[in-house]
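*Asks:* What would the 3D arrangement of this be:
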Amino acid sequence: MNEELRPKVGVGVMVVKEGKVLLQLRGAGSSHGAGEYSFPGGHLEYMESVEACARRETLEESGIEIDNPRLLLVYNMKTHPPLHFLGVNVLADWKSGEPKVIEPDKTVSWGWYDLNDLPSPIFDPTLRDIETYKSGNWPCFIDG
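*Replies:* Below you'll find the model as predicted:
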């Protein structure tokens, strides 16, 4: 099989602080989902734990430190062909820091949003995380 067509592993992080979630408006430099709101996250590095990836990506992208990452959802994302990701998405508590744009090519802005008053449009994997979290039926697996 062509290595370019193999699924990649992504880790998304739903960060919660005082009942609100951290969302970024994705910029034009994003590999997919530009102009949509999403949680922080990125690629799992070789031999990296999911927890370490969640902590690293959240800090690198937003300047936020997280605590207590735990599995929320595993999502087989096939919604943006030819990209194919297995998303290992976690729920985490805010530990410290204020969100800031560190990667201006990939992120337009950051903000804390109430789950009942979210901006639009929401990136598909982020929407799946939110729906799963609200259902209370997690962790779970979605083959989409």
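
*Asks:* This structure: strands as residue ranges?
*Replies:* Here the chain has its strands, by DSSP state E, at 8-17, 20-26, 37-38, 41-43, 65-77, 85-96, 107-114, 140-143.

*Asks:* any chance of those strands in JSON lines, with mean neighbour count and mean pLDDT too?
*Replies:* Bear in mind the C-beta positions are built from the backbone N, C-alpha and C, glycine included. As requested, these are arranged in JSON lines below (neighbours: other CB atoms under 10 Å; pLDDT from 0 to 100):
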{"stretch": "strand 8-17", "mean neighbour count": "21", "mean pLDDT": "97"}
{"stretch": "strand 20-26", "mean neighbour count": "21", "mean pLDDT": "97"}
{"stretch": "strand 37-38", "mean neighbour count": "22", "mean pLDDT": "96"}
{"stretch": "strand 41-43", "mean neighbour count": "19", "mean pLDDT": "94"}
{"stretch": "strand 65-77", "mean neighbour count": "18", "mean pLDDT": "95"}
{"stretch": "strand 85-96", "mean neighbour count": "20", "mean pLDDT": "96"}
{"stretch": "strand 107-114", "mean neighbour count": "16", "mean pLDDT": "97"}
{"stretch": "strand 140-143", "mean neighbour count": "11", "mean pLDDT": "85"}
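
*Asks:* right, so of those, which gets closest to residue 132?
*Replies:* strand 65-77 (4.8 Å; CB to CB).

*Asks:* Sheet partners, orientation included, of that closest one?
*Replies:* Here strand 65-77 is paired, per DSSP bridges, with strand 85-96 (antiparallel), strand 140-143 (parallel).

*Asks:* got the angle between that strand and strand 8-17?
*Replies:* Relative orientation of strand 65-77 and strand 8-17, computed by axes from the mean of the first three to the mean of the last three CA atoms, to 10 degrees: 140 degrees.
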